[in-house]
Structures are given as C-alpha cells and as structure tokens.
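Asks: With the input below, show me the fold.
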Amino acid sequence: MRDAIISYRVFDQEFTSTIKNLTEQASISDCNKFKGAISVSPKTKNKFLQTHFNWIDDKRPAIGFHLETIQVSLHDFLPLGTDFKILQHGYQSWSYSATYEAKAKDVSPRLDFLRYSQENYYSNHNGIPGNFLSESFTCLYSKSSNTGLLLGVSLESDPGVRISVQLTDDGRVEGLSAIFDYHNTPNLKPKSKIPSPELVIIPFQGAPEPIIAQYFDLFAKNTTIPELNKKVPTGWCSWYYYYTGISEKIILENLRAIKEKKLPIQFFQVDDGYQRTIGDWLTTNDKFSFGMKAIADEIKKEGYQPGIWLAPFLVRKDSEFFQKYPEAVLKDDSGEPVPALWNPLWGKGYTYCLDLTHPRSKEFLTKVFKTITKEWGYPYLKLDFLYAGLLPGQVYDPSLTPQMRYKEALQLIRKIVGKDTFLLGCGAPILPSVGYFQGMRISCDVAPFWKPELKRRLLRDKNALCTQKALVNDLTRASMHRKFWFNDPDCLLVRKKKNSMTGKQTRIMASVMAVSGGMLLVSDDMTELEEERLALLEKTIQLSKLCQSKSPIPIGIFENEFPEALYNPNGFLGIWNPSPNKKSMQINLPIQPKNLKWTNYWTDKIEESAVWNSETKTLTLEMLPFESAVFDLGN
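Replies: Numbering: from 1, shown residues only. Predicted coordinates for the structure are as follows:
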C-alpha cells in the first residue's frame, strides 16, 4: 500500500487530500485537484522510488493557497521480523543523531526556542513510544536476524524530506513513510508538475555501518561536491576559551604562542566577538580598533591562513541592516520579526533572521562576503546558525520552499567568494548543505564538561551541548568525511584550566577526533597551556594527520548509544569506554589486522588484556572507566 496524503491550506483553512494506492499508473486524489504516481526502478538489490504529482484542476489554485506537505506511505517495503532499532538522523549540525530502542520516546525540548534552533521547525516529535521522525534518511536494524533497511533521499533535490517510522514494543516495523516538506505557494497552472525527490531503499543483511557509508557514497555521487584538498584543515579557534570576550590583544598573544610552540597547524580562526553587533559584520567593536583586515594581515605574516566567524543570516534589532531595511527581515503572519534564537551572550531579547529571498538581503550578503574575502583577505569562513535561513515566515518570493531559499542563498555566497574560499558550515541542515561546503560541523557544540547540564536535562533537551553528545554525532556521522566534505567534529579542548572534564575524558575526545580524520581545531588559551596537555595536543595532531585521507567507519552504532569503536582504513582502530564503570569490550572488526601486538598509541604500552579471535574477527579487552586506546593495525 502506497497512499499519499497532500496537506495544504487556503489562508487559515487547512485541507488534506488523499491519493489511494500509488502505482505507475496515475491516480486522482479524492478532491479531484491532484494526480499522483510512483515508479520503482530496481538497480541491483536497491530500489529507487520516484513519485510524480501534478495539479490537474482546470483552474489555478485559489488565492491564499499554500502547499504544506505530501506524505507517502511505503508499507509494502516494511522489513519483516522483530527486534528492530532505529538510527534517527538529526536535522542539522547540532541535532542529536543516535540509535534508539523500539520503546523509546522521540521528544522535542520543552522550550520552543530550543526546538526551532536545534531541530527541524516542522518536525513534531510527539513523544509516543515507537514513533520517530528522522531527517533525510533513517536506518533500521535487527540484531537477532542481522538484517535491516535504509530509506533516504537519493540525491540533492527539492523539497526537504523527513522519514516517519512506527515501531511496536517488540521492535516490529509497522509504519514507514516519507514526508516531503514544501511550505510554499507554488505557481501552479493546470497540469503543472509538483517536484518531488527520488528515494532509495536499501535492504541489507549484515553490519549496518558499511551500508550507511554506502548510502553516503550514493548520495555524493548524485551531487556535485566541492574539490577537497589532500590536507584536512588543522588550526586554532578562539571560541571555547574566550567566547565573546576576545580582543586584538588576546588574538595576537595566542598567535605568537602558537608560533613559538611550532604547532603544525594551518588555520587561525577568529570567532564571535569582533563585530559591533550581530548583523554588523563589517563594523568592529572597540576591542578591534585596528579592524579585521589588520588581524588577517598579522596572521598571514606569521605563516598561517586567517579564518573568521560570522552568522550571515542573523540580525539583531540594533544592527544597521535591521534599522535600514526592516522589510527584508523575516516576518510572521502578523508582521512581527520571526525569532531565530535567544542567546544571552548577545544581549537581551531575540535575534532575528533575513528573508533570504528579498533583494535587499541579497545585496547585503553580496557586500559582506565580498568585503571579507576580497578586501580583508580571509580565505576561510565559518558560517554559523544557518538553520535560520529555513525558518517559516512571510517571504518576498513565496514560491520557493524553505530548502530552496536556503540553497539559493548558498549558491549566491559561493559565487561571491569563489571556489577556492574554504566554507565551513555550522548549525546547518545536513543533507541540504551537501555540495556547498568544504567543511561541515556534524555535532552540537563541545564544552568543558562531559554530560549535559542539569537544566538542559530537565528541559528534556536531547540535543544539549556537551562533549559526550558531540562525540556521539562525530561517530554516527563519521562516514560523511571526504564523501560530502571534511567532517568538523568541533574543537578539541585539551587544557586543565576552565575544564571540568577528567584527563581520561579529554583523551576519549582526542581519540575520536583524531581517528575520525576530520578537521582538528584546538580552542584553548595557548599562552598558558600546560606542558603535558601540549604534548597530548601534539600527539593528537600527529595521529589525525595519519588518519585524514580516508573515510572512517564507526563500529557498534546499534550496540550502544555511544559507539565504542571507530575504524579508519588508514589502519587505525580507536576503542573507548565512555562509561563510569569497568567494562569488558568486544569489538567486531571489519578487517583482519596484520599487527596483533595491540600497542596503545597514547601510552606506547601493550594492552595485556587484549585477545584477538581471528575466526570471528573479534577483539576483546578490559577497559577501566573512561579509558581509551588507539591501535595501529598495520593495514
């Protein structure tokens, strides 16, 4: 059974229309306004699904018509059996991506601003046990039958896609559907086609992690990916020690300290805190009296590439843009600015976002990016809070879906800065961003603490920033590295000062980030970094460079919420016990190691408890709480 439910509204009145039993032959909706069909083209064992929808009324839609979603049920593709768990993929960089038991509750944070700043605004995570919404793709796996199924969008397209899954208490899959997010006013004429994305269904037997990597390969092959250098960026970032409290003096002192320590890094990034206010990117505050061009020149003089942070889609009410062009700020139905987030570091009240379709916004973005790259000379830009470009509101061009508004803005930015400028995305919807960035943050913010703060737990915020949750995302999304972009696992914090993590927790952080082979930026006060922690940093950079050229594969995604191992095809295996209890680890490897000495990279000592079973390709070893090890497998 493949039914389609089309949701739309005319002004404030909501309607749904159903097309029963979609097949290759077109069927008419019960309102006689839409026509739909679906074609299934098998290529090897994978199935590619293309839906086709048309407006067939002999008149244009009524004034006030707004297409919301089309939901296509895929019940005839349900995997059989029980014991299924789900990998729920999050919407954007900071959205938690992890596996869940069938009985788990998929819930959103209690506070609205936490929901729309961390999750898809349109996803209602209702908290019903077994009901899940996954963004762009999902993977289902049953350990008892060693079988699974992956469903996702197969190529860069419009509109956005969510996957709805319903699991019974015993892990049977009883519901599976794809939701296409339009949320626009399309220019529909009689017989007009309504664009819809192609989906892929991958049934599989065996380990799920290689299938997820295979899916990323498939998506990447259908998308134009920016050319990636052999070297993955390493560098320093000001944020996680100084936050907005930076100054010219602080930046230059750290620059000199890095030079003196001869750290083998490439980029030196100035983060939030240089601008007058959010939105005034070309006007510095009093702490940067010499301007940002002078900072870039100093960084270059020391032999590094300058990087700079900005949130290009955000504005505060006191910004020049908001004051001059309030008509180009995204508004709700009442004409009030749409809040993009609440951040106390930026002052009282909300921060708002641009209407990306408005000509004034496009002129503004053009001027900002041209100045920063061409006049100031920054070849590395970190673009933050990008989810704001897809928030709902009254826009200048309502024919565009939120995803298309976002993509057109990214196309404009890339055209201005050129193909050689390194763009790092952050707070960005993941799959809709593929093809526009050389680097992408794949996790929530790290923090100088391991677990979520109590207040975030009380707000049931599963996306709450902390190092533990950031590392989970770094593992579940690890195989995106070099397929879509360079993965950015966020910054490494190795310091003792202003850090409540233990030394062992810090080493887990270093292990995950290094073996993943992604970007590696440290964010500590380099003028006061302890010698032993400097040694840890240097060793992490060394290991990271040995792992950078390959896309890693996590191990045990469906075994533990925090996967306990990561294999890098350059021949390195990282294993960790992220719990406060001693644990006997059992790791199933995807290869047969050539080196069976099991010497820990961090200690240069052989792990005496390590036992290798060549028949099952299983490594067993005892690990104390928060212990970690990295092994060179000789492969």
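Asks: the helices in this structure, which residues?
Replies: In the chain, the helices defined using DSSP state H lie at 112-116, 209-221, 239-242, 248-261, 292-301, 320-324, 359-370, 402-417, 454-458, 467-476, 503-516, 531-547.
Asks: any chance of the ones you listed in a markdown table, with mean pLDDT and distance to residue 137 too?
Replies: Quick note: C-beta positions are derived from backbone N, CA and C, even for glycine. Shown next, in a markdown table, are the helices of the chain (pLDDT from 0 to 100; distance: least, CB to CB, whole Å):
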| stretch | mean pLDDT | distance to residue 137 |
| --- | --- | --- |
| helix 112-116 | 92 | 21 |
| helix 209-221 | 97 | 6 |
| helix 239-242 | 98 | 30 |
| helix 248-261 | 98 | 39 |
| helix 292-301 | 98 | 39 |
| helix 320-324 | 98 | 36 |
| helix 359-370 | 98 | 30 |
| helix 402-417 | 98 | 15 |
| helix 454-458 | 94 | 27 |
| helix 467-476 | 98 | 12 |
| helix 503-516 | 98 | 20 |
| helix 531-547 | 98 | 25 |
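Asks: Need the winner for burial among these.
Replies: helix 467-476 (a mean of 26; mean count of other CB atoms under 10 Å).
Asks: Now tell me what touches it from outside.
Replies: 87, 89-90, 96-99, 442-447, 449-452, 462-463, 487, 489-490, 493, 501, 505, 508-509, 512-513, 516, 518, 554, 557, 561-563, 566, 578 (CB atoms under 8 Å, 6 or more residues apart in numbering).
Asks: What of stretch 521-541?
Replies: 233-242, 253-254, 257-258, 261, 263-265, 267, 269, 488, 491-497, 506-507, 510, 513-514, 520, 601-602.
Asks: closest one to residue 139 among the helices of the chain?
Replies: The closest of the helices of the chain to residue 139 is helix 209-221. By CB to CB, the value is 5.7 Å.
Asks: for that closest one, packing partners?
Replies: strand 137-142, strand 147-153, strand 198-205, strand 553-555 (3 or more CB pairs under 8 Å, 6 or more residues apart in numbering; DSSP states H and E).
Asks: For the second one, which strands pair with it and how are they oriented?
Replies: Paired with strand 147-153 in the same sheet, following DSSP bridges, are strand 137-142 (antiparallel), strand 198-205 (antiparallel).
Asks: returning to that earlier point: of the contacts of helix 467-476, which belong to strands?
Replies: Per DSSP state E, strands hold the following members of the contacts of helix 467-476: 87, 98-99, 487, 554, 566.
Asks: Using a markdown table, please lay out the helices of the chain together with distance to residue 45.
Replies: Output for those, formatted as a markdown table (distance: least, CB to CB, whole Å):
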| stretch | distance to residue 45 |
| --- | --- |
| helix 112-116 | 38 |
| helix 209-221 | 11 |
| helix 239-242 | 45 |
| helix 248-261 | 51 |
| helix 292-301 | 51 |
| helix 320-324 | 52 |
| helix 359-370 | 44 |
| helix 402-417 | 29 |
| helix 454-458 | 42 |
| helix 467-476 | 24 |
| helix 503-516 | 29 |
| helix 531-547 | 31 |
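Asks: for those, which one sits closest to residue 345?
Replies: helix 239-242 (10.8 Å).
Asks: That closest one packs against which elements?
Replies: Looks like helix 239-242 contacts no helix or strand (3+ CB pairs under 8 Å, 6+ apart).
Asks: how far does it sit from the chain's center?
Replies: Offset of helix 239-242 from its chain centre (CA atoms, centre = their mean, to the nearest Å): 21 Å.
Asks: who touches that helix?
Replies: 250, 271-273, 309, 446-448, 491, 493, 495, 498, 523-525.
Asks: Look up phi and psi at the most centrally placed residue in the chain.
Replies: Geometric centre of the chain, nearest residue: residue 93, 2.7 Å, by CA atoms, centre = their mean. Per-residue torsions, residue 93: phi -50, psi -50 (degrees, to the nearest 10).
Asks: That one touches residue 440, doesn't it?
Replies: Yes: applying CB atoms under 8 Å as the test, residue 93 and residue 440 come out as touching, 6.9 Å apart.
Asks: what touches both of these two?
Replies: Joint contacts of residue 93 and residue 440 (CB under 8 Å, 6+ apart) are 425-426, 428, 430.
Asks: What subset of the residues you listed is buried?
Replies: 425-426, 428, 430 (16 or more other CB atoms under 10 Å).
Asks: what two of those have the greatest distance between them?
Replies: 426 and 430 (11.4 Å).
Asks: So for the two, which residues contact both of them?
Replies: 93, 440.
Asks: Check the spacing between the closest residue to residue 499 other than its chain neighbours and residue 495 real quick.
Replies: Of all residues not flanking residue 499 in the chain, residue 448 sits nearest, at 4.2 Å (CB to CB, 6 or more residues apart in numbering). Separation of residue 448 from residue 495 (CB to CB, to the nearest Å): 8 Å.
Asks: how does this structure divide into domains?
Replies: By the assignment in automatic domain parsing, the chain contains the domains 4-221, 234-312+357-555, 565-632.
Asks: Just say which of those domains is most tucked in.
Replies: domain 234-312+357-555 (a mean of 20).
Asks: That one: end-to-end distance?
Replies: 25 Å (CA to CA, to the nearest Å).
Asks: chain center to it, what's the gap?
Replies: With CA atoms, centre = their mean, you get 13 Å for domain 234-312+357-555.
Asks: Please apply the same query to stretch 218-232.
Replies: The answer for stretch 218-232 is 16 Å, by CA atoms, centre = their mean.
Asks: Okay, now that stretch: how far is its last residue from its first?
Replies: 23 Å.
Asks: For it, which residues meet the burial criterion?
Replies: Here stretch 218-232 shows 218-220, 222-223, 225-226, 232 as buried, counting by 16+ other CB under 10 Å.
Asks: still on that earlier bit, show me the one of the helices and strands packed on helix 209-221 that comes nearest residue 357.
Replies: Closest among the helices and strands packed on helix 209-221, once you apply CB to CB, is strand 147-153, at 23.2 Å.
Asks: Many thanks, we can stop here.
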